[in-house]
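In: Need a 3D model of the following:
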Amino acid sequence: MTGYKEVAAEVARDGVTLVSVSKMHPYSAVMEAYADGARIFGENRVQELEAKFPLPSERPEGMKVYLIGQLQRNKARKAVELSDRIESVDSLPLIDKIEKEASAAGKAMEVLLELNSSGEEQKAGFRSSEELLDAASYIISSCPHILLKGLMTVGPLGFDEGRNREAFTYAKGVFDKLKALSPSIDTLSMGMSADWKTAVGCGSTEVRIGTAIFGARV
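Out: Numbering: from 1, shown residues only. Next up, the predicted model:
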């Protein structure tokens, strides 16, 4: 049994989108959550997405899968083929590769740009608002097969509400600037099982929750 219904009821009160992070859990758990009402699932790795989920045309009605982990350029073709959205776009070379693969597939690929809002060296993501906004402008002007939907960030390592709030508030400020570039931009994805309430309080429109739904990773 998953905890989807309980989490979804709580998240719904805040009016945000819930991504059920199913990484390292079996497809049977995915289908349990689907039966409970989950429709959007998050996976960290292309290889796991490919091994676990049916092809997009064969998935249950309404099921979407977002790639939320760091994407290597050599996996971009599979990511475009198998995911409904790539939420971890963090460089211009990756943008170019996604555009190339989406063009070849005849697909408009939804993406989020990842912001390193905490400044931690071990974290992926654009290191400054200027870099991220420049990348956004490049997508809008030069990448017809990429649909930019917004921004994603991961809170600081370790749970410190003050540091989380600082990082999430910064990300919200960048998102507000990003929204001005295109009417398609509507998603600020931040917040996970331990910090999503803080993220929502700072303006998140999408939370990515795994442990609270599926339990500890297997």
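In: Could you point out which residue ranges in the protein have low pLDDT?
Out: Along the chain, segments meeting pLDDT under 70 span 1, 218.
In: Next, the buried residues of the lengthiest helix in it.
Out: Longest helix of the chain, by residue count under DSSP state H: helix 161-179. Residues of helix 161-179 classed as buried by neighbour count (16 or more other Cβ atoms under 10 Å): 163-168, 170-172, 174-175, 178-179. The way it works is simple: take the backbone N, C-alpha and C, and place the C-beta from them, glycine included.
In: Residues in contact with that helix: which ones?
Out: 113, 115, 117-118, 129, 132-133, 136, 150-151, 153, 155-156, 185-186, 188, 190-191, 195, 198-199, 201-204 (Cβ atoms under 8 Å, 6 or more residues apart in numbering).
In: same deal with stretch 201-215?
Out: 2-4, 7, 11, 16-23, 25, 29, 33, 38, 42, 68, 150, 165, 168-169, 171-172, 175, 186-193, 196, 199-200, 217.
In: Can you tell me which of those are classed as buried?
Out: Counted by 16+ other Cβ under 10 Å, the contacts of stretch 201-215 give 2-4, 7, 11, 16-23, 25, 29, 33, 38, 42, 68, 150, 165, 168, 171-172, 175, 187-192, 196, 199-200 as buried.
In: Spell out the secondary structure type for the most centrally placed residue in the chain.
Out: Nearest to the mean C-alpha position of the chain, by Cα atoms, centre = their mean, lies E87 at 3.5 Å. At E87 the chain is in strand, as set by DSSP: H, G, I helix; E, B strand; the rest coil.
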